[in-house]
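**Student:** task: produce atomic coordinates for the following.
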Amino acid sequence: MNYKRLIAASLTFSILLCQGCADSQEQEKEVTVIDSFFPNIEGTWVGDVMAQADENGIHLNYLYDTDQNGTGYHPIYRFDTTDFCNYADAGEIIPFGEKIEDPDIAVGTGSFIKAENGKYHAFYTGHNDYTESFDKNQDRECLMHAVSKDNKSYKKRPKDTIHAPEGYSSDDFRDPQVLWMDEYKEYWMLVGGKRIDDSGSCILRYTSSNLSYWKFEGEFYHSDELYFMECPDLFAMNDWYYLVFSWNNVTYYRMTQDLNGEWIKPEIDTFDGNGFYAAKTVQYDGARYLVGFLDHKKSGGDILEYTWAGSVMPYRLVQKDDHTLGVGMPEQFLNYFKEKAELKAQGKRVSATEGQGTLPYKMLLEGKITFNENGGKAGFSFGDYKVLLDSDQQKIIYDAYENSQRCSMEAGKSYDIKLVVENEIVVLYLNDEKALSNRVYSAINNEWQIYIEGNAEFSDLNIYVLN
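**Tutor:** As a prediction, this is how the structure comes out:
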């Protein structure tokens, strides 16, 4: 992304620091505020996001990545936001270890939680790639704990480290998600795990009353389909429980009304395609959001596969009438465009491919799409490539290095669509049900079209642009 245009301001504020019991002085701290829907700091990438919300807003803790990681890597950094449109860069929150022998010389995913006493707790993965070179008895992965009074400065507590239970691999034991279970009056920790000599994967459960001592309770969920289930997240919504997890660049979910019963696998159990990963949820201001990252491509080549880590990608979660989950555009995006962008088209109708000129660097298109009984494809072309709704395949498709998301489209039925563009990032949302996010590098400063192949029609199109 071109962050020369996305850096909105550098704000300076004063923090009063106490010195002893009598003296105080003001020190200035510069905070970079990024005007972006999908932020990352220039030259670096956002890895797994660990979202946590409180009265001060949403704190998007994430694994900080570069294309030139060293011996130690993936410290936890953070963006703070209240609207998913502007982000304050809070910098490093938890560093990786200082010595090659440290269990967290590399840091992996975890979670952040605020306890009833006001203290903040971080649980994260300690990862060490070098154990065989100095200590064959040291675990490759373990769970670690850090605490903070202000959610800014965290102190590690090595004595609270948790190792894989007997019978489970210490090479694949990661991604603790801690939550307060009010109905049980205790904390739960869900952890990605793997039985030794088992081709499947599992999510393990621990319980605690004090966030320091944890009791292993066994397997919470098991899958024979996936090698591993990373970044587990459990939440409740209107008498249903949902379990989210990720593997191989895809985020999945399951659902149940009984935590001790069977889990239901929805017919379409994903939200987005294979560029959106490691998503977990956060509750804020009456809504629940699913926040992961959109991968990048190392040389900016559209025909290449995605590379791990990229930019923050937020969705608004929607519970459908059948209790399955959908994803939609955060409503704050629409407010942003109405306040800052120019309305280029209103109520527009398109029934054949139509050129739209040069693609703005930031744009929102909203409206409806209808396919007739003959089916076909309709969507948007950007330079050499297209993002399409394919009613024959029942998918949203990006046709460079193919990326797709299954969806449901019936002939004769009108569906709400939204298209958001920010530099090379293009996200197509369908009916608050599914979405497809992509990087289309060739779209920047290139011609774009509303594209129709078959018998389909776009209607009620409003187009907001910000150049």
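
**Student:** got any ranges where the stretch 151-300 of the chain has weak pLDDT?
**Tutor:** In the prediction, the stretch 151-300 of the chain carries no residues with pLDDT under 70.

**Student:** and the helix or strand hosting Phe293, what does it pack against?
**Tutor:** In this structure, Phe293 sits in strand 287-296 according to DSSP states H and E. Packing partners of strand 287-296 (3 or more Cβ pairs under 8 Å, 6 or more residues apart in numbering; DSSP states H and E): strand 45-54, strand 57-65, strand 276-284, strand 307-319, strand 434-439. Backbone N, C-alpha and C define where each C-beta goes, glycine included.

**Student:** go with 7 Å
**Tutor:** strand 45-54, strand 276-284, strand 307-319, strand 434-439 (3 or more Cβ pairs under 7 Å, 6 or more residues apart in numbering; DSSP states H and E).

**Student:** how near is the nearest residue to Ile41 once chain neighbours are set aside to Asp65?
**Tutor:** Closest residue in space to Ile41, ignoring its immediate chain neighbours: Asp89 at 6.4 Å, by Cβ to Cβ, 6 or more residues apart in numbering. Applying Cβ to Cβ, to the nearest Å, the value for Asp89 to Asp65 is 15 Å.

**Student:** quick one, which of the two is more surrounded?
**Tutor:** Asp65 (23 against 17; other Cβ atoms under 10 Å).

**Student:** ok, that one touching Trp45?
**Tutor:** Yes. Contact criterion Cβ atoms under 7 Å: Asp65 and Trp45 qualify, at 4.3 Å.

**Student:** please identify every residue contacting each of these two.
**Tutor:** The contact sets of Asp65 and Trp45 overlap at Ala309 (Cβ atoms under 7 Å, 6 or more residues apart in numbering).

**Student:** would you turn the helices and strands packed on strand 287-296 into CSV with distance to Asn335 and mean neighbour count?
**Tutor:** Shown next, in CSV, are the helices and strands packed on strand 287-296 (distance: least, Cβ to Cβ, whole Å; neighbours: other Cβ atoms under 10 Å):
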stretch, distance to Asn335, mean neighbour count
strand 45-54, 19, 23
strand 276-284, 15, 23
strand 307-319, 13, 21
strand 434-439, 19, 26
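
**Student:** let's have these in TSV, adding distance to Val178.
**Tutor:** Shown next, in TSV, are these (distance: least, Cβ to Cβ, whole Å):
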stretch	distance to Val178
strand 45-54	10
strand 276-284	12
strand 307-319	20
strand 434-439	28
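
**Student:** mind listing the helices for this structure?
**Tutor:** Secondary structure of the chain (DSSP state H): helices at 3-6, 131-134, 331-340.

**Student:** mean pLDDT, mean neighbour count and distance to Pro75 added to the ones you listed, as a markdown table?
**Tutor:** Shown next, in a markdown table, are those (pLDDT from 0 to 100; neighbours: other Cβ atoms under 10 Å; distance: least, Cβ to Cβ, whole Å):
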| stretch | mean pLDDT | mean neighbour count | distance to Pro75 |
| --- | --- | --- | --- |
| helix 3-6 | 34 | 15 | 20 |
| helix 131-134 | 85 | 12 | 20 |
| helix 331-340 | 97 | 16 | 29 |
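
**Student:** how far out from the middle of the chain is stretch 200-219?
**Tutor:** Relative to its parent chain, stretch 200-219 has a centroid offset of 24 Å by Cα atoms, centre = their mean, to the nearest Å.

**Student:** list the buried ones in it?
**Tutor:** For stretch 200-219, a neighbour-count test (16 or more other Cβ atoms under 10 Å) marks Ser201, Cys202, Ile203, Leu204, Arg205, Tyr206, Leu211, Trp214 as buried.

**Student:** cool, stretch 134-147 as well?
**Tutor:** Asp139, Arg140, Glu141, Cys142, Leu143, Met144, His145, Ala146, Val147.
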